[in-house]
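quick one: sequence plus predicted model below, questions after.
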Amino acid sequence: MRKTKKIRKIFIFLGALDIILIIITPFLKFTFLSFSEEFSEAGLTAFLIILIALLFRFYLKDIDNYKHQQENLEERLRDTFKYIGSINLQLEEMKKVFSNFNKYPENKKDVQALFIHTAERILGIINADWVLLRIVDINNGGTLYEYFCSRGNKKVERIKLDNRALLDGVCSFGSCSIVKSNQDNFNIKAYCVLPVESDNSNQEFLINSIVNQLEMFFIIFNSLYYKRNNNRKII
């Protein structure tokens, strides 16, 4: 902005000086090289006119560059506001996912309620017909807990997904999207399986965060449940 103002002042000064020279040229008595006085004055006038045209063109080009920079800045600001808005929405969704749970699950009924609520929230984040949540024992490949939910209780054929393929990150029934928990120091792994890919990285990050939280809740439930029953933990 300061540069543009400075260039504008220089253009006004040079333009005004050029106009003054054009006006007083007829009153100047001089010759250039061996040309006549009239031809020299006409040549100087033409040179000054061309000079002011070049200055005006340079000024317009600088104005265009400034407008282009402003448009790019506005576009970046809009993208920034969109990104901030998406982050705020993610935070709100994260709050909604587990805001209803003010205590850790203590029994199987609490775990079921947790999985139902989580599945509904995931379907609220991504446009998919169904979602499959599964907790897998890494050691033996067995299913520790599973919940399948379809949008609007729509009838969907039960998904048959092999755990070994799931552990390898492969869909054994066709095309799908697999989001797993990040922790690698436990003997279990939480998975979210969807029939579609996420629309953007923000959705994938949000679902991944939810899956991580779901795994944590399940680990805490196992710790409490098996401790009460004096049995061996699975993790």
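That came in fine, so what should we check first? Numbering: from 1, shown residues only.

tell me, what residue is most central in the chain?
Nearest to the mean C-alpha position of the chain, counting by C-alpha atoms, centre = their mean, stands Tyr83 at 5.5 Å.

after the helix or strand where that residue lies, which helix or strand is next?
According to DSSP states H and E, Tyr83 maps onto helix 37-98. Following helix 37-98 in sequence order, the next helix or strand is helix 108-125 (DSSP H and E).

give me the buried positions along that next one.
Asp110, Val111, Leu114, Phe115, His117, Thr118, Ala119, Arg121, Ile122, Leu123, Ile125 (16 or more other C-beta atoms under 10 Å). Where C-beta positions appear, they are placed from N, C-alpha and C, glycine not excepted.

what are the contacting residues of that helix?
For helix 108-125, the external contacting residues (C-beta atoms under 8 Å, 6 or more residues apart in numbering) are 93, 96-97, 100-101, 105, 128, 130-131, 133, 145, 147-149, 151, 192, 194, 203, 206-207, 210, 214, 217-218, 221.

after it, next one along is what?
Sequence order places strand 130-137 as the next helix or strand after helix 108-125, per DSSP H and E.

now that following strand: buried residues?
By neighbour count on 16+ other C-beta under 10 Å, the buried set for strand 130-137 is Trp130, Val131, Leu132, Leu133, Arg134, Ile135, Val136.

so how far is Gln183 from the last one?
Distance of Val136 to Gln183, given as C-beta to C-beta, to the nearest Å: 13 Å.

buried residues, stretch 139-149. List them.
Buried-residue list, stretch 139-149, by 16+ other C-beta under 10 Å: Leu144, Tyr145, Tyr147, Phe148, Cys149.
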